[in-house]
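[1] Pasting a predicted model and its sequence here:
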Amino acid sequence: MHIAIAGNIGSGKTTLTGLLAKHFGWEPHYEDVDTNPYLNSFYEDMQRWSFNLQIYFLNSRFRQIIDIRKSGKTVVQDRTIYEDAYIFAPNLHDMNLMSTRDFENYTALFELISSFIQPPDLLVYLRASVPTLVNQIQKRGRDYENAIRLDYLKNLNDRYEEWIGNYKLGKLLIVEVDDLNIAENPEDLGTVLEGITAELNGLF
């Protein structure tokens with residue numbers, strides 16, 4: 001089975017991915033952050049590197065999905081291929097940080113790729129307000145994230161809400177992050193685990 005964790009920057013995807021993998025014995029697939037050759041450059045000059053970064057993510061996540069389906073294991077994935085296509089790339093285009101020519105090229109490539117893949121069996125969406133996102137981004141202290149603007153996070157949040165509101169590809173569980181501290185409070189984590197277990201039981 002394929003369980004995917006979706007959410008804005010700083011919503012807690014990586015933390016939850018690790019906790020679910022540990023609790024259920026699933027195989028975690030993390031977002032390629034540390035070895036991504038474009039991420040630092042992108043945050044220094046978004047306009048110059050936005051297309052390169054999005055193509056890198058598209059390739060990386062397509063490869064991940066192929067590996068997940070081939071493995072025959074239950075995998076929990078940190079961020080989905082859909083978030084790049086429906087949230088990050090259109091947001092960069094709207095902010096004039098990606099040209100229309102590049103955006104159309106990217107979208108055509110995504111549409112082709114998406115025709116070859118299966119969506120996750122369960123999508124877990126971590127909904128968080130901008131203050132929560134900022135707090136969690138500051139806590140983890142990645143240098144390249146210091147330059148992230150509040151309006152950028154808010155625009156992404158708006159797009160996430162629109163995408164989730166229209167999500168019809170499979171089962172969906174929404175987790176309200178503002179009310180929880182899954183990293184430090186076992187009861188909060190327990191609540192999320194119960195919700196996920198209930199959704200998964202409905203898949204059988």
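    On my side now, so go ahead.

[2] Compute the distance between the most centrally placed residue in the chain and residue 47, please.
    The C-alpha lying nearest the average C-alpha coordinate of the chain belongs to residue 79 (Cα atoms, centre = their mean; 2.7 Å). Computed with Cβ to Cβ, to the nearest Å, the distance linking residue 79 and residue 47 is 23 Å. No exception for glycine: its C-beta is placed from N, CA and C like everyone else's.

[3] ranges for the helices of the protein?
    13-24, 39-44, 46-71, 81-83, 89-94, 100-114, 130-140, 150-165, 186-201 (DSSP state H).

[4] Ok, which of the ones you listed comes nearest residue 174?
    Ranking these by their distance to residue 174 (criterion: Cβ to Cβ) puts helix 150-165 first, at 6.9 Å.

[5] Give me the contacts around that closest one.
    With contact meaning Cβ atoms under 8 Å, 6 or more residues apart in numbering, helix 150-165 is reached by 6-10, 82-83, 86-88, 90-91, 94-95, 125, 127-130, 133-134, 172, 174.

[6] quick revisit: touching, the residue nearest to the centre of the chain and residue 8? I think so.
    No - Residue 79 sits out of contact with residue 8 when judged by Cβ atoms under 8 Å, with a separation of 10.1 Å.

[7] Quick check: residue 127 touching residue 173?
    No - taking contacts as Cβ under 8 Å, residue 127 lies outside contact range of residue 173: 10.7 Å.

[8] Which positions within stretch 126-142 qualify as buried?
    Neighbour-count burial for stretch 126-142, counted by 16 or more other Cβ atoms under 10 Å, picks out 126-130, 132-134, 136-137, 142.

[9] Out of the residues you listed, which comes closest to residue 34?
    After measuring these against residue 34 - Cβ to Cβ - the closest member comes out as residue 142, at 9.8 Å.

[10] I'd like the distance between the closest residue to that closest one other than its chain neighbours and residue 40.
    For residue 142, ignoring the flanking residues on the chain, the nearest one in space by Cβ to Cβ, 6 or more residues apart in numbering is residue 33 at 8.0 Å. Relative to residue 40, residue 33 is positioned 11 Å away (criterion: Cβ to Cβ).

[11] anything in contact with each of those two?
    Taking Cβ under 8 Å, 6+ apart as the contact criterion, no residue touches both residue 33 and residue 40.

[12] re the thing from before, so what pLDDT did the residue nearest to residue 142 get?
    In this model, residue 33 is scored at 72, pLDDT.

[13] count of neighbours near it?
    Under the neighbour criterion other Cβ atoms under 10 Å, residue 33 is assigned a count of 13.

[14] Could you report the distance from it to residue 137?
    As for residue 33, its distance to residue 137 is 13 Å (criterion: Cβ to Cβ).

[15] and what of residue 159?
    As judged by Cβ to Cβ, residue 159 and residue 137 stand 18 Å apart.

[16] go on, residue 26?
    Residue 26 is 26 Å from residue 137, where distance means Cβ to Cβ.
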